[in-house]
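K.L.:
build me a model from this:
(one chain, ligands or ions: 1)
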Amino acid sequence: MRAFSAPNLTMLSSLPGPWISQYTDLVLKYHWVTGNRAHYVHRLHQKYGPIVRVAPTEVDFSDVSAAKEIHRVGSGFVKSDFYQKQTNGASSVFSITDPKKHSARRRLLSAPMSDSSLKSMESLINEKITLAIQRIKEEMELRGSADVFKWWLFMASDVIGQLTFGDSFKNLDRGVENQYFSDMKKVGSIGALNTSFPVIVKLSRTIPLPFFASITSASKRLVIYAEQSLERYKKLLDADPTHPPPTLFTKLFQAGEEGLPNDVLKDEARGYIIAGSDTTAVSLTYLVWAVCSDEKIKATLIEELGSLPENFQDQDTRNLVYLNQVIDETLRVYSAAPSALPRTVPPGGAVLAGKHIPGGVTATTQAYSLHRNQDVFPDPERFNPTRWVAPTKDMKDAFMPFGGGSRICLGMHLARMELRMAAALFFRTFPHARVSNLEGMSDADMAEKIYFLLSPKGKRCLIRAS
Ligand code: HEM
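P.N.:
Residues are numbered from 1 along each chain as shown. I've put the predicted structure just below:
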């Protein structure tokens with residue numbers, strides 16, 4: 001890979017943006033650490049247009065053709081070092097920047113993530129979804145409403161835990177977060193801090209602050225847990241090589257030398273759990289909330305779900321036109337990863353949206369703005385599933401909830417499967433579901449906090465059965 005030299009900043013001085021962006025990235029960082037970066041950058045686009053200089057060496061594009069070029073396979077735009085910082089240096093398909101290394105790794109991991117391979121895991125996935133619905137029902141009966149955010153998070157983490165380690169975290173069974181999962185969240189917070197304030201994180205290695213000390217122990221436990229889980233799985237595989245419990249890594253274990261070494265598998269397993277838990281849970285939470293907030297949408301969905309057979313399978317839900325429109329509209333308005341996806345402009349520079357951008361500059365796109373382009377999605381803030389009845393080419397091009405090109409989400413088929421089945425089962429079981437006002441729950445709880453991922457500000461979403 002060619003080395004990147006410092007970008008020629010004088011070429012950026014003619015780009016639109018607030019004056020402060022020419023001198024410092026502190027304002028951008030402030031909005032990032034307060035969970036408002038996507039909103040801030042979107043406001044800048046509304047003021048300055050589709051190209052905005054957001055920091056001395058960073059430019060955000062809401063222009064669809066520029067976004068397509070940046071994320072095009074083979075475009076030469078590589079993931080910036082943000083990803084290494086975010087994942088604390090782990091070597092996973094998510095964080096590798098070198099295109100050749102990435103494509104080799106992705107080739108090994110892709111097959112089990114395809115729609116057809118996931119079919120063999122459908123019953124395991126459905127088992128978790130059914131258990132989540134049962135738990136939601138019990139909580140509604142006991143408490144008067146259920147926190148669907150919590151249960152979807154337990155469900156999504158149990159699904160991805162089962163599919164990576166061959167054994168789930170049992171969050172749904174216990175009704176409380178297991179240690180591994182809470183450690184994961186703790187360690188994740190240091191990744192976010194590392195992207196903005198690497199110096200503080202470095203200092204923490206020498207100055208023993210309690211916050212960092214608890215993260216260090218969490219991090220050690222994570223390594224041990226991943227090692228033990230993978231060892232346990234290997235033993236199962238050795239004991240019965242012909243019928244092991246299927247996981248997304250089974251073939252890589254069986255491939256021996258041609259598979260992946262243990263420590264790489266550990267990094268990938270960790271990456272899958274981070275990438276596959278909150279994203280799916282947050283999408284389902286906003287889907288349920290948005291549908292429950294609009295009686296007409298809910299009635300249309302319930303009517304369509306009435307056509308499903310008693311023990312419906314994923315194949316049945318794929319054919320439900322309105323359900324899939326509801327899912328696409330959720331992914332548009334409430335994209336789980338709506339903020340900047342940073343890429344480094346190739347050494348020779350590039351022309352984006354008619355402007356020459358020098359090599360080495362960080363070019364970002366954010367689904368939050370692409371999905372709110374008024375010309376493409378009229379009345380963009382309105383949750384309107386029927387806008388997907390006959391999507392235009394512009395709508396398809398601007399729709400990037402799973403990113404794009406060679407770095408498009410590896411888990412998108414799994415995510416869509418979970419979204420279809422869980423949404424269908426939820427509204428079949430609770431056709432009169434409504435947003436609850438128990439314990440002071442209100443729309444303010446659902447205000448969006450956006451770091452790299454979206455989450456509801458109140459960290460809860462209470463729904464009642466009628
Ligand atoms: C609704 C749910 C999901 C959404 C909205 C979502 C979104 C995204 C986005 C936007 C990216 C691109 C990041 C970038 O280019 O910087 C991505 C990458 C990725 N996602 Fe997802 N994701 C979801 C679910 C999942 C699940 C269930 C998994 C399961 C393992 C997963 C695994 C990954 C991986 C491994 C990558 C990195 C791919 C690569 O760089 O080659 N995601 N996801």
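K.L.:
just the element for Ile463, please.
P.N.:
strand 462-464 (DSSP states H and E).
K.L.:
direction included, what does that strand pair up with?
P.N.:
Paired with strand 462-464 in the same sheet, following DSSP bridges, are strand 146-147 (antiparallel), strand 434-435 (antiparallel).
K.L.:
contact partners of the last one?
P.N.:
By C-beta atoms under 8 Å, 6 or more residues apart in numbering, the residues outside strand 434-435 that reach it are Trp289, Cys292, Ser293, Met441, Asp443, Cys461, Leu462, Ile463, Arg464, Ser466. Placement of C-beta: from N, CA and C, glycine included.
K.L.:
contact residues of the stretch 301-450 of the chain facing the ligand?
P.N.:
335-337, 341, 401-403, 407, 409-411, 414-415 (C-beta under 6 Å from any ligand atom).
K.L.:
if we can go back for a sec, of all the contacts of strand 434-435, which two lie farthest apart?
P.N.:
Between any two of those, the greatest separation by C-beta to C-beta is 19.6 Å, found for Asp443 and Ser466.
K.L.:
and the residue of the stretch 351-466 of the chain found nearest the ligand, its phi and psi?
P.N.:
Of the residues in the stretch 351-466 of the chain, the one nearest the ligand is Gly411, at a distance of 2.1 Å by C-beta to the nearest ligand atom. Recorded main-chain torsions at Gly411 are phi -100, psi 20, according to degrees, to the nearest 10.
K.L.:
list the residues that contact it.
P.N.:
By C-beta under 8 Å, 6+ apart, the contact set of Gly411 is Met113, Tyr272, Ala275, Gly276, Thr279.
K.L.:
those residues: which ones sit near the ligand?
P.N.:
The subset of the contacts of Gly411 within reach of the ligand, counting by C-beta under 6 Å from any ligand atom, consists of Tyr272, Ala275, Gly276, Thr279.
K.L.:
if you count neighbours, what's buried in the helix or strand the last one falls within?
P.N.:
Yep, that's Thr279 we're talking about. In this structure, Thr279 is located in helix 262-292 according to DSSP H and E. Of the residues in helix 262-292, those buried under the neighbour-count criterion (16 or more other C-beta atoms under 10 Å) are 264-292.
K.L.:
what does the next helix or strand after it contact?
P.N.:
Of the helices and strands lying after helix 262-292 in sequence (DSSP H and E), the nearest is helix 295-305. Taking C-beta under 8 Å, 6+ apart as the criterion, the residues outside helix 295-305 that touch it are 290-292, 320-323, 326, 383, 385, 424, 427-428, 431, 433.
K.L.:
kindly recompute the last result at 7 Å.
P.N.:
Helix 295-305 has contacts (C-beta atoms under 7 Å, 6 or more residues apart in numbering) with Val291, Cys292, Leu320, Tyr322, Leu323, Val326, Pro385, Ala424, Phe427, Arg428, Pro431.
K.L.:
give me the number of residues near Ala447?
P.N.:
The local packing count at Ala447 equals 11, with neighbours defined by other C-beta atoms under 10 Å.
K.L.:
check the one 5 residues further on too.
P.N.:
Summarising burial for Phe452: neighbours were counted as other C-beta under 10 Å, giving 22.
K.L.:
and it, that's in a helix?
P.N.:
No: assignment of Phe452 by DSSP: H, G, I helix; E, B strand; the rest coil gives coil, placing it outside any helix.
K.L.:
excluding sequence neighbours, find me the nearest residue to it.
P.N.:
When the adjacent residues along the chain are set aside, Phe452 lies closest to Ser339, with 5.8 Å between them (C-beta to C-beta, 6 or more residues apart in numbering).
K.L.:
which SS class is the one you found?
P.N.:
When the rule is three-state DSSP, Ser339 gets the label coil.
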